[in-house]
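Engineer: my questions concern the predicted model and sequence given below.
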2 protein chains.
Amino acid sequence: MDETADLLMAAARTLRRRFGDATARWGVTPSQARALRMVLAADEPMRLSALAERLRIVPRSATEVIDGLELHGLVVRQPDPADRRAVCVVATEEGVRLGRLIEEARQQAADELLRPLPEEDRRTLTRILVTLLDGRAAERSP
Amino acid sequence: MDETADLLMAAARTLRRRFGDATARWGVTPSQARALRMVLAADEPMRLSALAERLRIVPRSATEVIDGLELHGLVVRQPDPADRRAVCVVATEEGVRLGRLIEEARQQAADELLRPLPEEDRRTLTRILVTLLDGRAAERSP
DNA sequence: CTATTTACTGAGGTTTGCTCACAATGAGGC
DNA sequence: GCCTCATTGTGAGCAAACCTCAGTAAATAG
């Protein structure tokens, strides 16, 4: 009987809820926090489509996430100097500041969930999930 | 750097999408399929609140899921003879029939996602996830 | 210089939850 | 029996995080 799938879903739900609780304090949803993290990680103006790709969502959905972040003054949209169709996203000072706090909260939420696991299991879990997702990507492209 | 959380979310999303594609053929959403599975597993009239508990959702949400299944004629609501406030859910013949098909599709979707994993990794993954969720439960109750 | 492609977004939908409030019923105390 | 209180399901309404389809504006190919 294969219940691994259900366990995976349950774990994801738990995680989302926890992280959500953690980020809600700053009026940011989990997916907004995730996007902000990407923008900060890029460390340079990031095309909206590039963001979408990294978040593995369609560009239209990225628009929405960025709308939310911009509304909170955490990022700004800039026209891409190289392509006037494109939009670049950069974090504001406030975005950088809050980004750090959120990162801490995220770490903490993840740690809290992963705490019951011995260090080795954590590494194994990461490795297995990477395999899983890479396998999926490999399956899709050819 | 702890990205395990993100990987987990990504995997869950993939899984949900695949399973959704699989069940959509019969006009059933993933969560309806999940609920139907629970009802069938119980093998006797099941209280709505009990269903909610097993699905780990609030009773109000269970109402909604059952609404959907009843609309498709896959389950029926019966008054609980022991408590006139309560509602019991039982699968119809059609529900049982479709339940089997869905179960197959579910297996297949899960297999498809888990295919890149060697058998041993699958077992390990299951074990780790169980640990994770048990740890969470243990954390919450005391 | 037209024709196609690409980058974003407006409009609207879906899935899967949630809370809050309420009616009907059950259960315990007096 | 009667009164209070807890429980069971549900109507109403909302939110998060996606999606598709269609359209506009700009870049690029022919």
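Structural biologist: Received it, and whenever you're ready, just let me know what you need.
Engineer: do stretch A:98-108 and DNA strand D meet at all?
Structural biologist: No: against DNA strand D, stretch A:98-108 shows no contacts by CB under 7 Å from any atom of the strand, the least distance being 12.3 Å. Where C-beta positions appear, they are placed from N, C-alpha and C, glycine not excepted.
Engineer: and that stretch, what's buried?
Structural biologist: Within stretch A:98-108, the residues scored as buried using 16 or more other CB atoms under 10 Å in any protein chain shown are A:98, A:99, A:102, A:105, A:106.
Engineer: okay, the second one and residue B:83: tell me how far apart.
Structural biologist: In this structure, residue A:99 lies at 52 Å from residue B:83, with CB to CB, to the nearest Å as the measure.
Engineer: then the third one?
Structural biologist: The span separating residue A:102 from residue B:83 equals 46 Å under the rule CB to CB.
Engineer: please apply the same query to residue A:78.
Structural biologist: Taken as CB to CB, the span from residue A:78 to residue B:83 is 62 Å.
Engineer: likewise residue A:31?
Structural biologist: Counting by CB to CB, the gap from residue A:31 to residue B:83 is 41 Å.
Engineer: what does the strand or helix carrying residue A:88 contact?
Structural biologist: Assigned by DSSP states H and E, residue A:88 falls within strand A:83-91. In this structure, residues lying in contact with strand A:83-91 by CB atoms under 8 Å, 6 or more residues apart in numbering or on different chains are A:36, A:39-40, A:44-49, A:51, A:66, A:69, A:74-80, A:99.
Engineer: again, only using 6 Å
Structural biologist: A:39, A:40, A:45, A:46, A:47, A:48, A:66, A:75, A:77, A:78, A:80 (CB atoms under 6 Å, 6 or more residues apart in numbering or on different chains).
Engineer: so residue A:33 sits against residue A:25, correct?
Structural biologist: No: counting by CB atoms under 6 Å, residue A:33 does not reach residue A:25; the two are 11.0 Å apart.
Engineer: which two of the contacts of strand A:83-91 have the greatest separation?
Structural biologist: A:40 and A:80 (18.7 Å; CB to CB).
Engineer: the two: who's more crowded?
Structural biologist: residue A:40 (20 against 14; other CB atoms under 10 Å in any protein chain shown).
Engineer: test my guess that that one contacts residue A:98.
Structural biologist: No: assessed by CB under 6 Å, residue A:40 is found out of contact with residue A:98, at 9.8 Å.
Engineer: hmm, stretch A:27-37 touching DNA strand D?
Structural biologist: Yes: with CB under 7 Å from any atom of the strand as the measure, stretch A:27-37 is seen reaching DNA strand D through A:29, A:30, A:31, A:32.
Engineer: next, count neighbours for the second one.
Structural biologist: Counted by other CB under 10 Å, the residues lying close to residue A:30 total 21.
Engineer: returning to what we had before: flag the least confident of the buried residues of stretch A:98-108.
Structural biologist: Among those, residue A:106 carries the lowest pLDDT, at 78.
Engineer: what confidence value was assigned to the nearest residue to that one once chain neighbours are set aside?
Structural biologist: Spatially, and ignoring its direct neighbours in sequence, residue A:106 is nearest to residue A:19 (6.0 Å; CB to CB, 6 or more residues apart in numbering or on different chains). pLDDT, residue A:19: 78.
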